[in-house]
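Visitor: Just a sequence and a predicted model for now, questions to come.
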Amino acid sequence: MHLLAGALLAALLLPLSALPLLFLLGIVTLARPRFESVWKNAPADYLMLAWSVWPPLTLFWSMATGLAMETLAGLLCLPMSYWAGRKLIQQYPQHQEVALALSWGLLALLAVWGAIQNPGDLYTGKPQGPFIDPNTYAGTLNLLALPLVAAYLQTDLRSTPPWVRTGWLAILAVAAFAFLLVSSRGATLTLLVLLPLLLWQGRHGPDLRRKLALLFVAVFAAYGAANLCISERSEIIYRLVATTQTGDSSRMMLFRSAWAMIENQPWIGTGLGSFRLLYPRFRHPDEIGSAGGWVHNDYLQLWQEAGLPMLLGLVALVFLVARSGLKNSSDNPALLGKLGHCWSFGILAVLLQAVVNFMVYFAFLACVIGFYLALTGERGLLPRTVSSQHLRAKNWARYAYGFLLAYLLIGLLAVEALTSPNRRFQSFVAAATGNSSRYEASHIVSIIQPHHHAPHYLMGSFLADPFHVLTGGPAIRGAMLREALIHYDRASELAPCYLPYGVEMAKVWAEIPSIQGRTGAEKALRDNLGCNPGHGLSHYHLARLVQKTQGRDQAIPIYRKGLELSPQPIDRLLLATAAAGLIANDNGRLTKLADDMAMRLLFMERNPMAAIDPRYWQEAEYTLFAHDPRLYMRWVANTNKP
């Protein structure tokens, strides 16, 4: 129980980390299984077994093993929490009460978390709890709240103390308030689809009319309070009506791009985490509304990354959960408790919302889904006994699986600590490696985790930093740059088409004063443009390189070609500013502004979730407009080709 609570806490605080899976792996691997005598849920068992095996197999053909392991750590939380939930059910006869108390506590924590967040301090401008996306946060509220509402409607609460019933309504009201602040269209549509089924299942509940009236008052009060805090355009009814009128072209373009990738490799996929590497090549020119890391449809993304077997597994999960949700406890006394089917509503909410958002990749959602799936199981004796030899083979297989996965996870945690911007993590890494330098720590981690790109990138960036070689001469500097290029090249091999690595490698090559340096820089940038012909930053650095070696007349066509191919407004602003400074022979304001914009843009590409300062880019636009209004209107404001 303590390890399960630790996994949930770690998943809540670090929803994209490998730490929750390590907790769950300890439960599943070390706990001695005795499930055969109390369980009969063979379809879910087989599905979770397949879910535990197939995603790790995709590591063998993944484009970027390091990115694949990061994604794998979230996906495997689902089957591991399922097996951990089975163990909990075996140990605690009152598991339904434990699950209810845990769900109420988590819902209260997340609801208050989102309600007190300041949207102005967040990347998305909306409450998002501990997650990177407000839609995921709204889906998590659905995941926790819907089973509790179903249990609330179907349970006789007349003997429950009034303060407890009032507390439950208060938690639901705060959750509704935070949910409405997000105004997630996907989560709201999911809720509207499942509410009729939930009410139908609870139609025979005691004191139903009074409960529904109280729920209506709580939700209506939350709706009124939320509308006082958000603008009219952010209100959920307005957003839904606007979507029915104008559609959601950005998501449809994402779906088409994902489908084009699937057609290239429909059977086994291109590896977990590969979408963000391939997407620039398939991106629609008019799709400028996303960071390019997610399809916003887990079914398509899992199919593209992990192949048809993973898609079939997700569809099978939907079928199993829907079948369980349609069962009523009175119709099926074998369910694990009278509320066994209620947990299915939360899982269905996430799986339905996964059609338009990214959901199952987050460790916390995967943990709760797996735990809830275990609670929907059925009691019963299996018709056969397991021989000691067969049980011994199963145990050895479980230990081998646990050992290999634990090795990967420990290495992944070392990478997370190494790349974390948190100073406490950096202090921990320094202490764990004997207060060694960042290069030495990265070298140690690259040995532990040889297939991850991040340690090699960090070693390369350390060696290329001029600050560390101030006391050395040109010979030492040249040797360190060449050593840095070896690490950059290895990082690019492990994460192909990760464009920031190509840009930084080109900048290092450009520091080598020889034909080889200029050739290497140009090759790195042209490789980037082979992955993404519309990458504005690569066009910018290529034009600057050509300007130094061949003159301004050869650089201007490269700027023009970049403006023609780059769909992103910020990329176009960078290229237009640099080209305007070159055309006007301006070696001052515009050129320095373009250099600063390029540095900021590289940082944003390395950190896609970093907050963007809109005032800086507005001032940059104004500067270009003041310099040449006609050029600005032609190259930046007008999205037509120049």
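Guide: That came in fine, so what should we check first? Residues are numbered from 1 along each chain as shown.

Visitor: Gly85 sits in which helix or strand?
Guide: Using DSSP states H and E, Gly85 sits within helix 77-91.

Visitor: Also Gly307?
Guide: Going by DSSP H and E, Gly307 is in helix 298-326.

Visitor: Only the buried residues of that helix, if you could.
Guide: For helix 298-326, the neighbour count (16 or more other C-beta atoms under 10 Å) marks 298-307, 309-311, 313-314, 316-317, 320-321, 324-325 as buried. Every residue, glycine included, has its C-beta placed from N, CA and C.

Visitor: Please apply the same query to stretch 104-114.
Guide: 104, 106-108, 110-114.

Visitor: what do you get for stretch 459-467?
Guide: In stretch 459-467, counting by 16+ other C-beta under 10 Å, buried: 459-464.

Visitor: So which of those residues belong to helices?
Guide: Under the assignment DSSP state H, the buried residues of stretch 459-467 contribute 459-464 to helices.

Visitor: What ranges in the stretch 501-642 of the chain fall below the confidence cut-off?
Guide: 585-587, 609-611, 637-642 (pLDDT under 70).

Visitor: would you list every one of the helices in it?
Guide: Assigned helices in the stretch 501-642 of the chain, in chain order: 515-531, 536-550, 552-565, 569-583, 589-606, 614-627, 629-632 (criterion: DSSP state H, counting those that start in this stretch).

Visitor: all helices of the stretch 101-250 of the chain, in order?
Guide: 134-154, 162-182, 185-201, 208-229, 236-246, 249-264.

Visitor: Now do the first one against helix 185-201: the angle between them, please.
Guide: By that I understand helix 134-154. Angle between the axes of helix 134-154 and helix 185-201 is 10 degrees (criterion: axes from the mean of the first three to the mean of the last three C-alpha atoms, to 10 degrees).

Visitor: so after the lowest-mean-pLDDT helix or strand in the chain, what's the next helix or strand?
Guide: Of all helical and strand segments in the chain, the minimum by mean pLDDT, DSSP states H and E falls on helix 423-432, at a mean of 60. Reading on from helix 423-432 to the C-terminus, the next helix or strand found by DSSP H and E is helix 438-448.

Visitor: Quick check: mean pLDDT of that following helix?
Guide: For helix 438-448, mean pLDDT is 85.

Visitor: so where's the stretch 251-400 of the chain uncertain?
Guide: Within the stretch 251-400 of the chain, the ranges that satisfy pLDDT under 70 run 327-340, 377-388, 390.

Visitor: quick one: Phe255 and Asn297 touch, right?
Guide: Yes. Counting by C-beta atoms under 8 Å, Asn297 is a contact partner of Phe255 at 6.0 Å.

Visitor: More neighbours: which of those two?
Guide: The residue with more neighbours, out of Phe255 and Asn297, is Asn297; 21 against 17, by other C-beta atoms under 10 Å.

Visitor: tell me the contacts of the more buried one?
Guide: 251, 254-255, 258, 354-357 (C-beta atoms under 8 Å, 6 or more residues apart in numbering).

Visitor: how does it look with 6 Å?
Guide: By C-beta atoms under 6 Å, 6 or more residues apart in numbering, the residues touching Asn297 are 255, 355.

Visitor: Return the distance of it relative to Lys561.
Guide: Using C-beta to C-beta, to the nearest Å, Asn297 is found at 33 Å from Lys561.

Visitor: Look at Ile262 and say how many residues are nearby.
Guide: Residues near Ile262, counting by other C-beta under 10 Å: 20.

Visitor: could you dump the buried residues of stretch 104-114 to CSV with pLDDT?
Guide: Listed next are the buried residues of stretch 104-114 as CSV, based on pLDDT from 0 to 100:
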residue, pLDDT
Trp104, 90
Leu106, 92
Leu107, 93
Ala108, 93
Leu110, 93
Ala111, 93
Val112, 93
Trp113, 92
Gly114, 89
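
Visitor: In stretch 570-583, which residues are buried?
Guide: Quick answer for stretch 570-583 (16+ other C-beta under 10 Å): 570-582.

Visitor: wait, doesn't Trp303 sit right on Leu311?
Guide: Yes. In this structure Trp303 lies within contact range of Leu311 using C-beta atoms under 6 Å: 4.1 Å.

Visitor: can you tell me which residues contact Pro500?
Guide: 605-606.

Visitor: quick check, it in a helix?
Guide: Yes. Applying DSSP: H, G, I helix; E, B strand; the rest coil, one finds Pro500 inside a helix.

Visitor: wait, doesn't Gly271 sit right on Thr65?
Guide: No. The pair Gly271 / Thr65 is not scored as a contact, 7.7 Å apart, by C-beta under 6 Å.

Visitor: State whether Pro15 is indeed within a strand.
Guide: No. According to three-state DSSP, Pro15 belongs to no strand; its state is coil.

Visitor: In contact with it, which residues?
Guide: 130-131, 362-364.

Visitor: What is the nearest of those to Ala555?
Guide: Within the contacts of Pro15, proximity to Ala555 (C-beta to C-beta) peaks at Phe131, which comes in at 43.1 Å.

Visitor: Excluding chain neighbours, give the residue nearest to that closest one in space.
Guide: Residue nearest to Phe131 in three dimensions, not counting chain neighbours: Tyr137, with 5.0 Å by C-beta to C-beta, 6 or more residues apart in numbering.

Visitor: likewise Tyr616?
Guide: Tyr616's closest residue in space is Arg600 (C-beta to C-beta, 6+ apart), at 7.3 Å.

Visitor: Please apply the same query to Leu30.
Guide: Gly402 (8.0 Å).
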